[in-house]
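*Asks:* pasting the structure only:
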């Protein structure tokens, strides 16, 4: 079945710096890749997603890139702010299923 | 504005008890899911359902069962709770017919003593 690996498990950056979180997936049939942000004590919230027919997508300070050949995708956060501190999860889904397979999560800490 | 509601935020149960975790969504979503969240392991799929009375096992179904008698409600059942089922349980739902992200519930933190 599908497997999603996420790195790093923790990431600490200075406010204003960029943060990059990387994920790899195993099943080449996967075609949908969302990213979720989970603040302490809250539910995961979808922040951005990308489909396999697109290589990059941006939304203000966040962007996601997808390399289908290498089977990896990344989340980029620019000009980080303390409110970006949270756990971020990547996920992948195959066309034949509605279930998401999640990575193990990255705890991002933005130091003021 | 809350769209996926989990009935309990915190729950403490004794080993061997039968435990019901309830999830209700008001978005008319066909697909519903139960995940457990543990530190360092991310979100692992327990069971999911594509339609009323339909269910499929996820990656870690052992020790759990589910019920979906109505479209809006998806229940997770721990037949005989054990301490290794102490975890955060998250319910989610999504539409069929395209690539849509999940809407998650707030989670139920279950402690089995």
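*Replies:* Perfect, thanks for sending it. These numbers come from a predicted model, not from an experiment.
*Asks:* point out where the chain drops to low pLDDT.
*Replies:* Since no chain was named, I'll use chain A. A:95 (pLDDT under 70).
*Asks:* think we crossed wires, I meant chain B
*Replies:* Short version for chain B, where the test is pLDDT under 70: B:1-2, B:98-99.
*Asks:* swap in 90 and give it another go.
*Replies:* Along chain B, the model assigns pLDDT under 90 to residues B:1-2, B:7, B:27, B:39-42, B:53, B:94-101.
*Asks:* any part of stretch B:55-75 near chain A?
*Replies:* Yes - using C-beta under 8 Å from any C-beta of the partner chain, stretch B:55-75 reaches chain A at B:58, B:59. Heads up, the C-betas are built off the backbone N, CA and C, glycines and all.
*Asks:* first vs last residue of that stretch, how far apart are they?
*Replies:* The straight-line separation of the ends of stretch B:55-75 (C-alpha to C-alpha, to the nearest Å) is 11 Å.
*Asks:* the spatially most central residue of chain B pairs with what?
*Replies:* Among the residues of chain B, the one closest to the centroid is residue B:34, at 2.9 Å (C-alpha atoms, centre = their mean). For residue B:34, the residues forming beta bridges with it (DSSP bridges) are residue B:47, residue B:91.
*Asks:* ok, which stretches of chain B are strands?
*Replies:* All strands of chain B, identified by DSSP state E, fall at B:4-6, B:10-13, B:19-25, B:31-38, B:42-49, B:56-57, B:64-70, B:73-78, B:87-94, B:103-104, B:108-112.
*Asks:* now do the fourth one: everything it contacts.
*Replies:* Right, the one you point to is strand B:31-38. With C-beta atoms under 8 Å, 6 or more residues apart in numbering or on different chains as the test, strand B:31-38 has contacts from A:98-100, A:102, B:21, B:23, B:25, B:43-50, B:58, B:60, B:64, B:66, B:68, B:74, B:76, B:87-96, B:102, B:107.
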